[in-house]
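Enquirer: this one's sequence-less:
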């Protein structure tokens with residue numbers, strides 16, 4: 001029975017949002033008990049709002065960095081609250097501070113993701129302060145009371161979260177790793193669809209879906225790295241954290257192998273159409289996807305990883321299918337046969353990596369991680385300064401949000417200056433960096449607000465007892481944190497109920513239900529208009545810089561790979577950085593392309609251009625990943641030198657194309673800007689398997705050069721149009 005209870009508790013605590021919800025629940029219960037015992041309702045409501053703001057400012061750091069972040073968060077909160085208190089009754093000064101403050105806070109996010117999170121929570125707390133000052137009886141409070149109460153709520157939650165982090169050191173990293181392996185499982189499952197044993201494989205459609213799945217893997221890896229960086233004690237390594245670090249580094253290798261492509265899939269499907277090789281490969285990949293998800297579940301529950309034995313059977317079946325195909329009267333061409341055998345080797349290594357992800361390496365591994373946080377205030381300011389240009393998406397978003405907040409303040413003063421600050425709250429929450437994201441958020445916000453107002457009205461009618469309303473507010477606040485990432489409409493409804501029930505303790509929420517719906521609609525309209533009219537994202541013209549950046553990162557990745565064919569495989573930090581930068585650039589480009597198809601008509605990119613760019617990006621990265629997956633030292637003879645020389649020439653060509661996009665250079669339509677030699681022929685692939693693989697992948701990369709030049713020509717033409 002105890003073991004069953006333990007298993008049940010583990011399953012209940014496995015969801016990623018469990019810890020967030022539990023911390024918020026404990027913090028809100030503590031504030032509620034303090035307010036009810038002390039009989040000070042105003043203090044209780046202000047502290048509850050401080051808890052919400054602090055929870056939104058939280059990042060998954062170790063307890064030491066959390067303490068430093070908490071000090072900075074409290075300083076930002078107190079400054080924002082005192083500025084609102086001081087200028088609230090001086091409209092012209094308040095308007096200037098509102099616009100300038102919104103701009104500054106958004107731009108501070110350019111320093112690092114942590115700064116961005118704290119800045120967003122600070123702006124939210126400032127709006128909460130405005131709403132609190134607009135409540136009945138607020139005029140009789142002293143100037144320092146509301147800021148200190150908001151800060152006290154934030155401090156209480158911050159200390160609780162820091163203590164939680166110190167007690168459960170490994171939990172956040174385990175959950176982050178579980179997300180990584182889940183995302184890898186989804187990616188491998190989706191890629192298995194390329195192995196359909198049919199001639200008409202929808203490669204273009206699948207490439208778009210794979211780009212989205214790849215972005216989830218990259219985001220999960222970056223989030224996991226941030227969780228690890230602050231928890232790794234360089235002076236005294238802990239065995240449990242070392243194991244999690246090994247699993248993270250292995251996940252990067254799994255990602256590289258899963259992203260690789262050994263030959264165009266349509267040609268493989270045609271060559272092996274009358275064989276079961278493709279079907280066996282697909283079955284094995286689905287087994288690998290299931291094994292990755294099993295690894296994720298073991299991480300969440302803290303149990304032992306036990307892969308299904310069927311995946312070993314699938315690997316054996318693939319090997320037998322390849323052996324039978326070699327004995328056929330009419331086997332596939334030797335190059336395709338060799339490509340499929342290397343593919344089988346890669347899938348076998350994927351199985352080994354997933355199964356032994358936490359095993360200690362026999363060889364020394366560079367386990368250092370890159371910390372993306374600014375090393376000093378000068379570095380943080382340098383990052384912000386680089387974004388102070390209309391070419392930066394963050395600058396455009398900061399300008400739009402600050403103008404939106406200023407316009408919203410003017411509108412609320414004209415329509416109903418009392419209790420109208422939900423206009424600003426709505427603008428702040430729905431105004432996104434892109435028009436299509438803002439539009440989607442508006443629809444969810446309006447729907448959630450309507451639902452929340454109806455539920456809140458019902459709660460006020462059914463439960464007139466203030467204590468029951470406070471309990472309902474706490475429950476709604478916890479629900480908000482459970483659903484805020486996956487179900488924004490539900491989260492919006494929950495936070496609407498929370499605010500209604502909380503502020504009803506110090507005012508009358510009945511009379512404000514209709515005005516709050518009007519405020520939501522006004523704020524939504526202002527946000528949509530601002531993102532459409534102010535420095536709109538002309539995505540077709542921004543593609544040039546993004547594509548140039550992608551070509552540069554892919555050139556660095558190719559050089560890093562080529563260097564390891566000289567020295568031998570080593571997963572050191574410079575190589576991992578080059579690989580990560582290439583994937584980050586691919587994710588940024590694919591995300592930009594996806595947004596460009598949903599933008600307003602006059603800002604929308606050409607769909608044909610989008611699909612061609614997406615396909616070219618995926619082809620480049622997949623063949624580079626195949627080279628990276630099979631890294632090993634080549635014999636340093638004349639043939640290897642010529643082969644690696646071609647890799648250097650290809651990298652030079654990619655950089656030259658990037659330079660022509662970034663400057664006013666001329667893109668040559670037929671001949672290369674640089675002379676890229678033909679691939680080196682390998683006489684006996686079985687004897688020189690590694691060299692043959694390198695030559696094949698370089699030939700496939702070289703075949704992409706005409707496509708890349710055509711895309712560069714088209715983008716240059718768009719600039720001249």
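Expert: Good, I have the coordinates. Because the structure is predicted, anything quoted here is derived from the model rather than measured.
Enquirer: What is the least confident helix or strand in this protein?
Expert: helix 2-13 (a mean of 50; mean pLDDT, DSSP states H and E).
Enquirer: Tell me where the stretch 301-450 of the chain has helices.
Expert: 310-326, 334-355, 377-386, 393-415, 422-430, 435-462 (DSSP state H, counting those that start in this stretch).
Enquirer: no wait, the stretch 151-300 of the chain
Expert: 171-191, 203-229, 239-259, 265-271, 277-301.
Enquirer: Nearest to residue 461 among the ones you listed would be which one?
Expert: For residue 461, the closest of those is helix 171-191, at 39.7 Å, according to C-beta to C-beta. The way it works is simple: take the backbone N, C-alpha and C, and place the C-beta from them, glycine included.
Enquirer: Give the other helices and strands that that closest one contacts.
Expert: Helix 171-191 is packed against helix 18-38, helix 203-229, helix 239-259, helix 277-301, with contacts defined by 3 or more C-beta pairs under 8 Å, 6 or more residues apart in numbering; DSSP states H and E.
Enquirer: Where does pLDDT dip in the stretch 51-200 of the chain?
Expert: For the stretch 51-200 of the chain, residues meeting the criterion pLDDT under 70 lie at 61-63, 135-141, 199.
Enquirer: Could you rerun that using 90?
Expert: 51-91, 105, 108-154, 158-159, 161-176, 193-200 (pLDDT under 90).
Enquirer: any idea which of the helices and strands packed on helix 171-191 is most buried?
Expert: For the helices and strands packed on helix 171-191, the largest average neighbour count (mean count of other C-beta atoms under 10 Å) is found in helix 277-301, namely a mean of 22.
Enquirer: Please work out the average pLDDT along it.
Expert: Helix 277-301 carries an average pLDDT of 90.
Enquirer: For it, what is the distance to the chain centroid?
Expert: 23 Å (C-alpha atoms, centre = their mean, to the nearest Å).
Enquirer: Break this structure into its domains for me.
Expert: 1-168, 172-355, 395-536, 539-720 (automatic domain parsing).
Enquirer: can you put the ones you listed in a markdown table and add distance to residue 373?
Expert: Output for the domains of the chain, formatted as a markdown table (distance: least, C-beta to C-beta, whole Å):
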| stretch | distance to residue 373 |
| --- | --- |
| domain 1-168 | 5 |
| domain 172-355 | 8 |
| domain 395-536 | 21 |
| domain 539-720 | 15 |
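Enquirer: Of all the ones you listed, which one is nearest residue 384?
Expert: domain 1-168 (4.8 Å).
Enquirer: before we move on, the earlier item: closest to residue 195 out of the helices and strands packed on helix 171-191?
Expert: So among the helices and strands packed on helix 171-191, helix 277-301 is nearest, using C-beta to C-beta, at 3.7 Å.
Enquirer: now the angle from the closest one to helix 18-38?
Expert: Orientation check (axes from the mean of the first three to the mean of the last three C-alpha atoms, to 10 degrees): helix 277-301 against helix 18-38 gives 30 degrees.
Enquirer: Now do helix 277-301: which elements does it pack against?
Expert: Using 3+ C-beta pairs under 8 Å, 6+ apart, helix 277-301 is in contact with helix 2-13, helix 171-191, helix 310-326, helix 334-355.
Enquirer: thinking again about what came up before, let's have the helices of the stretch 301-450 of the chain in JSON lines, adding distance to residue 288 and mean neighbour count.
Expert: JSON lines is the format used below for the helices of the stretch 301-450 of the chain (distance: least, C-beta to C-beta, whole Å; neighbours: other C-beta atoms under 10 Å):
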{"stretch": "helix 310-326", "distance to residue 288": "6", "mean neighbour count": "17"}
{"stretch": "helix 334-355", "distance to residue 288": "5", "mean neighbour count": "19"}
{"stretch": "helix 377-386", "distance to residue 288": "39", "mean neighbour count": "13"}
{"stretch": "helix 393-415", "distance to residue 288": "36", "mean neighbour count": "20"}
{"stretch": "helix 422-430", "distance to residue 288": "40", "mean neighbour count": "26"}
{"stretch": "helix 435-462", "distance to residue 288": "34", "mean neighbour count": "19"}
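Enquirer: can you redo those as a markdown table with mean pLDDT and distance to residue 578?
Expert: Output for the helices of the stretch 301-450 of the chain, formatted as a markdown table (pLDDT from 0 to 100; distance: least, C-beta to C-beta, whole Å):
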| stretch | mean pLDDT | distance to residue 578 |
| --- | --- | --- |
| helix 310-326 | 86 | 31 |
| helix 334-355 | 87 | 20 |
| helix 377-386 | 85 | 21 |
| helix 393-415 | 90 | 24 |
| helix 422-430 | 88 | 38 |
| helix 435-462 | 86 | 30 |
